[in-house]
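# Need the 3D shape of this:
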Amino acid sequence: MVGGGRRDVGWLAGVIQPGGFIAGVELVPLVAAIDVLAAEEPSAFADPASIEVLHRELARLQAIVAAASAAFDASGVWALDGAKSASAWISTRCRLPGGEARRTVRLGRALRDLPACDAAWRDGDITGAHVAVVAALRRDETAPSLVRDEEMLVDQARMLRFDAFRRVVGYWEQLADPDGADRDGERERSRRAVHLAASFDGMWLGEITLDPIAGSIVGGELSRLERTLFEADWADAAGRLGRDPTVGELPRTAGQRRADALVEMATRSRSMPPDARRPAPLFSVLVGYETLYGRICELADGHVVAPGMLVPWLSGAYVERAVFGPGNRVEVGPAVRFFGGATRRAIELRDRRCAHPYCDEPAERCEVDHIIPYSAGGPTTQDNGRLLCGFHNRQRNQRPPPAA
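Here you go, the predicted model:
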C-alpha cells in the first residue's frame with residue numbers, strides 16, 4: 001500500500017489449513033519485505049537498474065510458486081476441501097483465472113524433468129515463459145535429446161531476446177524430431193478455420209485461425225492496407241489541426257482501421273474481373289544451406305516452419321535469391337544516395353525488424369539507413385545498411401545510434 005504503514009503479518013502465521021497445521025511461518029519475512037517495498041512510492045524504483053532487479057526477483061518468486069503449487073498438487077491436501085484438483089483449489093482460494101492456475105501447476109510439474117530450467121528460473125536468469133517453451137518440447141521422441149541439450153537451450157534463453165530464443169527452439173525441435181515437426185505443420189494447417197456470423201443485433205462477430213504461412217499472407221496484406229489507412233487518417237488530422245496529431249486525435253482506432261482494411265480486401269476481391277490475373281501470394285521464407293550455415297527455414301517474421309509446410313506452395317512460387325556474406329552480392333552502386341532494388345530487399349530479409357535493440361517494428365514499416373552516414377562518405381551497401389523505423393531513424397540526430 002503506497003504511502004501507508006506496514007501491515008501486521010501475524011495473521012499469516014495463524015492461518016489454519018484443513019490438515020490442521022499452521023501455514024506460512026517461513027513466509028513472514030517475505031511478506032514483511034514486500035510490505036517495505038509497497039510502502040515506498042513507485043518512483044523510488046523507476047530507474048533502469050531497479051526495474052531489472054524487480055523483474056528478476058519476480059521471476060525467482062514465480063519459480064518458487066510454481067514448484068510449491070506442483071508439490072501442493074502432489075500432496076492431495078486440496079481434496080480435503082472438496083476441490084476436484086489443485087488448480088481448482090488455487091483458482092478459488094487465490095481468485096485466479098482457471099487457466100492461469102492450471103498453467104502454474106503444469107509448469108511446476110514440468111520442472112521435475114527439467115533441472116536446468118528449474119535452477120535458471122530460481123536464479124531469475126529465465127522466466128516462466130521460457131520454461132513453458134522448453135516444457136512443450138518434451139515427448140517420447142524428443143526426451144533423450146532434451147536431457148542432453150537442456151542446458152544448451154537454457155544458455156540460449158539467458159542470452160537471447162525471447163523471439164530469437166523461440167527460433168532456436170523451433171530449429172532444435174526440427175532436428176530432434178523431424179517427422180514430428182512435419183506432423184505439427186500438417187496439424188497446424190488442419191486447424192485453419194474462419195467463423196463469421198451475424199449476431200442478434202445485426203453486428204457480425206468472427207474468429208480466424210490460420211497456419212503460419214497462410215497467416216503471413218493474409219496478415220501481411222491486412223497490415224499493408226491498415227498502414228495505408230493510417231497514413232490517410234494522419235494526413236487528414238494534420239491538415240485539420242495544423243500540426244502533427246496524436247494517435248487519440250485520429251478519426252479511427254487501429255482496430256477500426258483493420259476492420260475497414262478487411263472490408264477493402266473483400267471489396268477488391270469482389271470487383272476483380274473473372275478473367276483478371278490472379279495475384280501471387282507474397283510471403284518470404286528464408287532457407288539456408290545446412291552444410292554451410294546450419295538449418296534455416298523460417299518466415300520473414302521469424303516464425304520457424306517445417307520444410308514440409310512449403311510443399312503445397314512450391315508449384316506456384318517465385319524464387320527470390322538474396323546472398324549474404326562477402327562477395328557475390330547484387331548491389332546498387334555504392335555511391336547512390338538511397339537504398340533500393342536488390343540491396344534494399346536483402347537488408348530487409350537480413351534484419352527483418354528495426355535494428356534498435358528496444359524496437360520490434362517489422363521490415364515493411366522501416367527505412368533502410370546508412371550506418372556510416374552518406375554525408376560522411378558511407379557507401380550504399382548491404383554492410384553499411386540497416387533497418388530503422390521512422391522514430392529511431394529520426395532519433396539518430398538526437399542520441400547515439402544503436403550498435404551496428
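
# if I look at residue 381, how far off is residue 263?
Distance of residue 381 to residue 263, computed by CB to CB, to the nearest Å: 42 Å. Placement of C-beta: from N, CA and C, glycine included.

# which sections of the stretch 201-350 of the chain are below the confidence cut-off?
By pLDDT under 70, the weakly predicted segments of the stretch 201-350 of the chain are 278-296, 300-302, 307-308, 311, 313-337.

# do that again at 80, thanks
Applying pLDDT under 80 to the stretch 201-350 of the chain picks out residues 272-342, 349.

# Quick check, central residue of this structure?
By CA atoms, centre = their mean, the chain has its centre lying nearest to residue 163, at 5.4 Å.

# what about it, which SS state?
Assigned with DSSP: H, G, I helix; E, B strand; the rest coil, residue 163 falls in the helix class.

# now it: how far from residue 133?
Counting by CB to CB, the gap from residue 163 to residue 133 is 11 Å.

# do residue 86 as well
Using CB to CB, one gets 23 Å for the distance from residue 86 to residue 133.

# List the buried residues in the longest helix anywhere in the chain.
Counting residues, the longest helix found in the chain (DSSP state H) is helix 212-241. Residues 212-216, 218, 220-222, 225-226, 229-230, 233, 237 are the ones in helix 212-241 that count as buried (16 or more other CB atoms under 10 Å).

# Counting by contacts, list what that helix packs against.
Judged by 3 or more CB pairs under 8 Å, 6 or more residues apart in numbering; DSSP states H and E, helix 212-241 is in contact with helix 254-271, strand 297-299.

# Deepest in the core, which of these is it.
Ranked by mean neighbour count, these are led by strand 297-299 with a mean of 20 (mean count of other CB atoms under 10 Å).

# now that one: how far from the chain's centre is it?
16 Å (CA atoms, centre = their mean, to the nearest Å).

# With stretch 346-358 instead?
From the chain centre to the centre of stretch 346-358 is a distance of 16 Å (CA atoms, centre = their mean).

# likewise stretch 68-78?
Relative to the centre of its chain, stretch 68-78 is centred 31 Å away, using CA atoms, centre = their mean.

# Using PDB, list the CA coordinates for it.
Provided in PDB are the C-alpha atoms of stretch 68-78 (Å, rounded to 0.1, in the frame of the first residue of the first chain):
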ATOM      1  CA  ALA A  68       5.300 -25.200  -4.500                       C
ATOM      2  CA  SER A  69       2.000 -25.400  -6.400                       C
ATOM      3  CA  ALA A  70       3.100 -28.700  -8.000                       C
ATOM      4  CA  ALA A  71       4.100 -30.100  -4.600                       C
ATOM      5  CA  PHE A  72       0.700 -29.000  -3.300                       C
ATOM      6  CA  ASP A  73      -0.900 -30.800  -6.200                       C
ATOM      7  CA  ALA A  74       1.100 -34.000  -5.300                       C
ATOM      8  CA  SER A  75       0.200 -33.800  -1.600                       C
ATOM      9  CA  GLY A  76      -3.600 -34.100  -2.300                       C
ATOM     10  CA  VAL A  77      -4.300 -31.700   0.600                       C
ATOM     11  CA  TRP A  78      -6.600 -29.700  -1.700                       C
END
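
# in that stretch, what's buried?
Of the residues in stretch 68-78, 69, 70, 72, 73, 77, 78 count as buried by neighbour count, 16+ other CB under 10 Å.

# Not counting that stretch itself, show me its contacts.
Residues outside stretch 68-78 that contact it (CB atoms under 8 Å, 6 or more residues apart in numbering): 17-19, 85-90, 101, 104-105, 107-109, 111-112.
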